[in-house]
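Asker: Sequence and predicted structure are below.
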Amino acid sequence: MKIRKSQLPKYYELMNPLLEALQELGGSGSIEEIVQKFVELSDLPEDILNIPHNPEKSSLTEIEYRLAWARTYLKKYGILDNSDRGIWLIVPEKRHIKSVDPQVVVKTVREEHKK
């Protein structure tokens, strides 16, 4: 049975698992560490985790690609920051936040973008 990309979680559905992975890592981590922790915590099967995003252009999996979008939205929303290249952290004053409403994040970021 071939798995379609449409069966994967959407980027906004990865926001809370991403936050959970960062919390588990003590609030910060490299992209690799975050992906690894996300994989540990998720119950997604290997075949879904290994779907390539765009094999001709990158080595990213579709999940890694969608996690990157989740990080971007959470950064624009003010919860995450990337201190050094490839290192992401929960902004210290937002460390208490364990979850977000993905719809609110997406709506807020898109409204800000329109301004």
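Answerer: Structure received. Numbers count the residues shown, from 1 in each chain.
Asker: Strands of this structure, start to end?
Answerer: 28-30, 80-82, 87-90 (DSSP state E).
Asker: what about the chain, any weak spots by pLDDT?
Answerer: Within the chain, the stretches falling below the threshold (pLDDT under 70) are 1-2.
Asker: Nearest residue to the middle of it?
Answerer: residue 67 (2.9 Å; CA atoms, centre = their mean).
Asker: Just give me the neighbour total for residue 16.
Answerer: 17 (other CB atoms under 10 Å). Just so you know, the C-beta spots here come from the backbone N, C-alpha and C atoms, and that holds for glycine as well.
Asker: just residue 45 next, same as before
Answerer: Using other CB under 10 Å, residue 45 has 9 other residues around it.
Asker: Please enumerate the helices of the protein.
Answerer: Across the chain, reading from the start of the chain, the helices by DSSP state H fall at 15-24, 31-41, 46-49, 62-77, 102-114.
Asker: which residues does residue 106 contact?
Answerer: Residues touching residue 106, when contacts are defined by CB atoms under 8 Å, 6 or more residues apart in numbering, comprise 12, 73.
Asker: Mean neighbour count, the strands of the chain: which tops it?
Answerer: Each of those was given a mean neighbour count from mean count of other CB atoms under 10 Å, and the largest, a mean of 19, is that of strand 87-90.
Asker: which residues make contact with that one from outside it?
Answerer: Counting by CB under 8 Å, 6+ apart, strand 87-90 makes contact with 19, 22-23, 27-31, 34, 71, 79-83, 97, all of which sit outside it.
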